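>>> take a look and give me a structure for this.
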Amino acid sequence: MATEPVELRLVENETLRTADLTAPQAALLRERYGDHVTVQPDWEPGVFVLTARQSVGVIALDGLRLRIAPKVPLTNLFYMLTYAYDLPLFRDEIAPLVVGDDLFEFLVEMFVRQVDGLARQGIYRGYVELEENAATLRGRLLLGEHLRRNANQPARFAQRFNDFTADLLENRILKAALWQLGGAIYDRPELRRRVRRALSAFSGVTLVDARTAARAPVVYTRLNARYRTPINLAQLFLRYLSLEGHAGGAPFMAYLLPMAEVFERFVARYLAQQFAAHPRISVRAQESIWLDEALREKGRLDILLRWAGRPVLIVDTKYKTFDGAPAETDRNQMFMYGHALGVGRALLAYADERAVAYEARFPGMTLTARSLALNGSLDDFRQRCRAFALGLVDSLTSS
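Predicted coordinates:
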């Protein structure tokens, strides 16, 4: 009879001292997941000190489940994800997170539900142009290619034809995610069964590499619009679900969300949506700029606000507390970006529960820092987000 795995719980940026970790498990955590959690031996033999970094989720090893909980309330984190990864259909679907605390399995549940809905309607099919050299002519003969290839086999035809198929990019992305999820480790065994049942709807679809599918761009039309949310969820799994292999005879996996990236994407997309109808303000995320006159050095902005098309405010997100003044590297980065763009204003947005009201004037640059607290109830968090966006409007119109 299999024994239940030991479960350890951490909170991001916090430390746990435990004797419930074996030396092989500690070594594997250090080797595979050292970017997410540090593991050090304690002064007492057989005891380890674990410190979580800025990722949240679950690491499942042989005989161990390590859960790293966010400092942010789960309802607020999920609200952030609906913006950061374009999941508007779920913006009000928070009740299950009040009951449970496993974000990974909650997201899998939603994804499978979405895919099941697509399968009931019939998965998306479309025409794809293909070329083949076959015994039957069912398309347009490619005369030059036909003569080159078939001079000695006249019973074959080099041709181009349109095939009505489900083997499309949209379905390939979903299949890649379901395939990955089929190998994941769950506390609720029925989830794996549901994932594998959903996978059966894509039997005629090519299985593609997970890394390729994770970032494949999809162009949406009225024909495939219903795929937008399932694909965004699929790519959320493909980017952060890691099935690393086996330790001994047992599989292990991790699903870890990088909170600094989640915060950056949330702020950028929240502001973009809030200002979508504004006649003058536009928001650009992850915009590349040249930093030198020779066009050899590039920088990438977290967020750039434009007023009537003109860049006016650089926003850089900081998933950390404010320590009285911006770090020198953060400050210098804003100076460099401002100089390259000819922009005299920059804002550092900190995920700090305390109010931050910093402003300093430098030659050619006014640098401010503000906080966007992620704690409290969801209603309070939403109000703070709105106030943060309105504060940017006020600062732009008053300048």
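>>> all contacts plus neighbour counts: C-alpha atoms, from now on.
Will do.
>>> in terms of pLDDT, where does Gly248 sit?
Gly248 carries a pLDDT score of 48 in this model.
>>> chain center to stretch 109-117: distance?
Stretch 109-117 sits 18 Å away from the centroid of its parent chain (C-alpha atoms, centre = their mean, to the nearest Å).
>>> mind listing what's buried along that stretch?
Neighbour counts over stretch 109-117 (16 or more other C-alpha atoms under 10 Å) mark Phe111, Val112, Arg113, Gln114, Val115, Asp116 as buried.
>>> could you do stretch 18-38 as well?
Neighbour counts over stretch 18-38 (16+ other C-alpha under 10 Å) mark Leu21, Gln25, Ala26, Leu29, Arg30, His36, Val37, Thr38 as buried.
>>> likewise for stretch 39-46?
Burial within stretch 39-46, assessed by neighbour count using 16+ other C-alpha under 10 Å, is assigned to Val39.
>>> what's the neighbour count on Pro70?
Neighbourhood size, Pro70 [other C-alpha atoms under 10 Å]: 18.
>>> quick check, central residue of the protein?
Computing the C-alpha centroid of the chain and ranking residues by C-alpha atoms, centre = their mean puts Leu236 first, at 4.7 Å.
>>> quick one: that residue is in a helix?
Yes - under DSSP: H, G, I helix; E, B strand; the rest coil, Leu236 falls within a helix.
>>> now do the contacts for it.
Tyr85, Ala214 (C-alpha atoms under 8 Å, 6 or more residues apart in numbering).
>>> now swap in Ala349 and tell me
Val315, Asp316, Thr317, Lys318, Ala369, Arg370, Ser371, Leu372.
>>> surely the second one and Asp302 touch.
Which is Asp316. Yes - using C-alpha atoms under 8 Å, Asp316 is in contact with Asp302, at 5.3 Å.
>>> got a list of what the nearest residue to Gly63 once chain neighbours are set aside touches?
Leaving aside its chain neighbours, Gly63 sits nearest to Pro5 (4.1 Å; criterion: C-alpha to C-alpha, 6 or more residues apart in numbering). Listed by C-alpha under 8 Å, 6+ apart, the contact set of Pro5 reads Asp62, Gly63, Leu64, Arg65.
>>> if you set the cut-off to 7 Å instead, what comes out?
Neighbouring residues of Pro5 by C-alpha atoms under 7 Å, 6 or more residues apart in numbering: Gly63, Leu64, Arg65.
>>> of those residues, which is the most crowded?
Neighbour max across the contacts of Pro5 (other C-alpha under 10 Å) = Arg65, 21 neighbours.
>>> could you report the neighbour count for Gly339?
You called it Gly, but residue 339 is His. Residues within reach of His339, counting by other C-alpha under 10 Å, total 15.
>>> just Ala254 next, same as before
Neighbour tally, Ala254, other C-alpha under 10 Å: 23.
>>> in a helix, that's where it is, yeah?
No - assessed with three-state DSSP, Ala254 is strand; it does not lie in a helix.
>>> gap between it and Val262?
17 Å (C-alpha to C-alpha, to the nearest Å).
>>> just Asp330 next, same as before
Asp330 is 19 Å from Val262, by C-alpha to C-alpha.
>>> higher neighbour count, these two?
Neighbours per residue (other C-alpha under 10 Å) separate Asp330 from Val262, with Val262 holding more: 18 against 12.
>>> okay, Gly204: pLDDT?
Listed pLDDT for Gly204 reads 88.
>>> sorry, slip of the keys, the one I care about is Leu142.
Taking Leu142 on its own, its pLDDT is 65.
>>> could you pull out the strands in the stretch 101-250 of the chain for me?
Remark: strands assigned in the stretch 101-250 of the chain by DSSP state E, counting those that start in this stretch are 126-134, 140-141, 157-165, 241-247, 250-258.
>>> where does pLDDT dip in this structure?
Low-confidence segments of the chain, defined by pLDDT under 70: 1-2, 93-101, 128-130, 135, 139, 141-143, 151, 161-163, 244-251, 398-399.
>>> closest to Ala210 among the buried residues of stretch 109-117?
Using C-alpha to C-alpha, Phe111 is the member of the buried residues of stretch 109-117 that lies nearest Ala210, at 16.5 Å.
>>> report the contact partners of the closest one.
Applying C-alpha under 7 Å, 6+ apart, the residues near Phe111 are Pro230, Leu233.
>>> do Trp179 as well
Taking C-alpha under 7 Å, 6+ apart as the definition, Trp179 has no contacts.
>>> what do you get if the cut-off is 8 Å, keeping everything else the same?
Shown in contact with Trp179 (C-alpha under 8 Å, 6+ apart): Arg196, Leu199.
>>> going forward, the N-terminal residue is numbered 48.
Sure thing, new numbering starts at 48, so read that last one as Trp226.
>>> A strand includes Arg378, no?
No - using three-state DSSP, the assignment for Arg378 is helix, not a strand.
>>> where exactly do the helices run in the stretch 198-347 of the chain?
216-229, 236-246, 257-262, 275-287, 306-321 (DSSP state H, counting those that start in this stretch).
>>> could I get the full set of strands for the stretch 298-446 of the chain?
Using DSSP E, counting those that start in this stretch, strands in the stretch 298-446 of the chain cover 328-337, 345-354, 357-365, 392-397, 404-409, 412-418.
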